[in-house]
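[1] with the sequence up front, the predicted model follows.
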2 protein chains.
Amino acid sequence: MSVTIKDIAKLANVSHTTVSRALNDSPLINQETKERIRQLAMHLNYTPNYNAKSLVLDRSYNLGLFFSTLHTGTSAGFLYESLKGVNHVIKDEYNLIVRGIDDYRSYHKVNRKSYDGIIVMSQSSADQEFIEYAAGLEIPLVVLNREVENVQVMNYIPDDQRGACRIVEHLIAQGHRDIAIIEGKQNFKSTQARLDGYVEAMIRHDIPQREEYRVQGNYDLESGHAAMTRLLQLDHRPTAVFCCNDDMALGAIKAITERRLSVPGDISVAGFDDHVFSAFMTPALTTVRRPIEEISREGAAQLLSFIETKQVEKSKVLFHTELVIRDSVQPIIR
Amino acid sequence: MSVTIKDIAKLANVSHTTVSRALNDSPLINQETKERIRQLAMHLNYTPNYNAKSLVLDRSYNLGLFFSTLHTGTSAGFLYESLKGVNHVIKDEYNLIVRGIDDYRSYHKVNRKSYDGIIVMSQSSADQEFIEYAAGLEIPLVVLNREVENVQVMNYIPDDQRGACRIVEHLIAQGHRDIAIIEGKQNFKSTQARLDGYVEAMIRHDIPQREEYRVQGNYDLESGHAAMTRLLQLDHRPTAVFCCNDDMALGAIKAITERRLSVPGDISVAGFDDHVFSAFMTPALTTVRRPIEEISREGAAQLLSFIETKQVEKSKVLFHTELVIRDSVQPIIR
DNA sequence: CACAGTGCTGCACACGTTAACAATGTGTAT
DNA sequence: ATACACATTGTTAACGTGTGCAGCACTGTG
């Protein structure tokens, strides 16, 4: 059907070995024959059969990009930035296979023969099992976005707690004391980290915390809307709300304006992530930038270098988050 | 290193052929031996080497999901919905490889050995070359989102022109006559289709078109903002603006509110796509729903069935777009 | 002239799997 | 008893590529 090195060999009157060597630029082959064979290959439109190569070289040319889930809890922006970052680094020789971990019924198909390396964009500790599995198989592995315990892997994460603490301190600096938090999806590591940051800031500034100011969300728009609706029904309404991601912040703002209240006039709202949309919302959202694209890029680069050299420090690297002040938070007028 | 069928064969005192047959549930093998071998395989934690399988079966187990670009012009929501739709359908046995067509320097690595099938999420006619290449190689192929010419492929597309026409007619029905359009990215097929819909509606209702009401955008937030800014500088401002996607609509609204004008009080804004965010914007965006997830799902399903049965009608299927009326368009008070 | 060295090429096998064909044993009809 | 069908298993080759080793021709050296 398609052209093989044997076909080329026949036409060039050499053995297929010579063809293989010529195409792989082996020093054993005479320059002229090399050139002749290459011309011929090009002319015949030869493309190597990567399945055969994979078999003998024991490399799949596949890289896996795995998300905790593709159904819910993974925002479009997160997916987009991750993919973009990784894709930017991937050399032409790798295929990038994208998948949700929770889609697997069995991890059977994930093994060293099928993946040269794996990038886990981890959001939930439910991934732990998968990560341990992959680590156990000694597949080159980098876990991004979530701090992973027990397993020795390259682990690149944003400093969520610090970011959350900073933005809550920003709210406090604007005079707010009645600050609510709409939390992220349960069991997501980031949910805990951001909550920790909130608590840290509140304690540091001696602000008493109210039980009813902590509301559960799940990182999507609707949950932000629902959570805010509950907060608005409180007798003593908060003057500011920290939403654990921008999607929920948008939902929250919707809930507020539906009640004919204004942001930030009546209630200040802060988000987290710095979604592409956030600068364009009305009001533009004050939030925390989480450098997902950089993390993906750096993680992918390290993974590639590990695959090639087999050596790199397996360690945790924190990426700075950054306060982005826009219009959705206003000082309180006493 | 890892367990192969030959290892199992030795332990089971049979030939490796028997093992292969047993694991593939061949009717040639005795039930008891079959069971025995399967137990053994399970016990040894055997996983088949897909590279070897691929080589002999001439199947890669790879499916390609190709976008025109992953850099700019592809919105996060579009990527997300596409991936979600396709992923929903993919059987466990396929790997989904995601890539931007404009990332290829050569299509060399795209061939029938490497891909069992390809889904092109086409946005630009710049893909045409790639599509023709893939079609020429007789790789099972489905092109989604953009109407493709000359090539006989499965082609599933949203009815953009009809949707655009409908929403512009909606603006007209609300009394608007000074209707501007912010166009999409140049050379994107959808840009043309939506413009055609706009023109169709205007002509049908005998509304004179002004040259200066047609402004170029490129589907991203910033371009919507810039285009709207230009429109606002006009002596005779439009009373309504049809933005060719929701991202640009958001940018446009930003530009309007920055000038202390209100949407829809002073200017009505309509979008296209029905991005997840659109219902939650302030004001909630009147737009056209484009069923990307359904299209991806249906396209992927057809591709799989084609791969298996090798027969399906290669034809164009139009998916209905749907007018979604929210709060960003207001009747004109004369 | 013998010998070692060098530069290039081919033979034969390996990778792990499937499949055409052969071989074996068992039962059944003649 | 013989032939024949049938059920089950094994032998062998094949898929396309890379590679250790052997072999060839030629060159230079003693």
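    Structure's in. What do you need? Remember, it's a predicted structure, so these values are computed and weren't measured experimentally. Numbers count the residues shown, from 1 in each chain, chains lettered A, B, ... in the order given.
[2] can you map out the strands along chain A?
    Listed from the start of the chain, chain A has strands (DSSP state E) covering A:62-67, A:95-100, A:117-121, A:141-144, A:154-158, A:179-182, A:214-215, A:240-243, A:268-270, A:287-289, A:316-319, A:322-324.
[3] among those strands, which is nearest DNA strand C?
    strand A:62-67 (16.2 Å; Cβ to the nearest atom of the strand). For every residue, glycine as well, the C-beta is placed using N, CA and C.
[4] who in the stretch 101-250 of chain A is up against chain B?
    A:Asp103, A:Tyr104, A:Arg105, A:His108, A:Lys109, A:Asn111, A:Arg112, A:Lys113, A:Ser114, A:Leu221, A:His225, A:Leu250 (Cβ under 8 Å from any Cβ of the partner chain).
[5] any idea of the pLDDT on the last one?
    Put plainly, it is A:Leu250. What the model reports for A:Leu250 is a pLDDT of 95.
[6] equivalent analysis for the third one, please.
    Here, the pLDDT recorded for A:Arg105 equals 87.
[7] does it touch B:Asp92 like I think?
    Yes. At 6.8 Å, A:Arg105 and B:Asp92 qualify as touching, with contact defined as Cβ atoms under 8 Å.
[8] of those two, which one has the most company?
    Higher neighbour count among A:Arg105 and B:Asp92: B:Asp92, with 10 against 7, using other Cβ atoms under 10 Å in any protein chain shown.
[9] low-confidence regions, chain A specifically.
    The model of chain A has pLDDT under 70 over residues A:1, A:313-314, A:334.
[10] around DNA strand D, pick out the residues from it.
    Contact residues of chain A with respect to DNA strand D, defined by Cβ under 7 Å from any atom of the strand, are listed as A:1-2, A:4-6, A:16-17, A:20-21, A:23-24, A:48-49, A:52-53, A:55-57.
[11] narrow those to just the buried residues.
    Taking 16 or more other Cβ atoms under 10 Å in any protein chain shown as the criterion, what is buried in the residues of chain A next to DNA strand D is A:Thr4, A:Ile5, A:Ser20, A:Arg21, A:Leu23, A:Pro48, A:Asn49, A:Ala52, A:Leu55.
[12] closest one of the residues you listed to B:Ile295?
    Proximity of these to B:Ile295, judged by Cβ to Cβ, is greatest for A:Asn49, which lies at 33.0 Å.
[13] residue contacts, the residue nearest to the closest one when sequence neighbours are not counted?
    Using Cβ to Cβ, 6 or more residues apart in numbering or on different chains and skipping residues adjacent in sequence, the residue nearest A:Asn49 is B:Lys113, 5.2 Å away. The contact partners of B:Lys113, taken as Cβ atoms under 8 Å, 6 or more residues apart in numbering or on different chains, are A:Ser2, A:Thr47, A:Asn49, A:Tyr50, A:Asn51, B:Ser54, B:Asp58, B:Ser60.
[14] what subset of the buried ones among the residues of chain A next to DNA strand D is also close to DNA strand C?
    Answer for these near DNA strand C (Cβ under 7 Å from any atom of the strand): A:Arg21, A:Ala52, A:Leu55.
[15] thought the second one was touching B:Asp58?
    It stands for A:Ala52. No. If you go by Cβ under 8 Å, A:Ala52 and B:Asp58 don't touch, sitting 10.9 Å apart.
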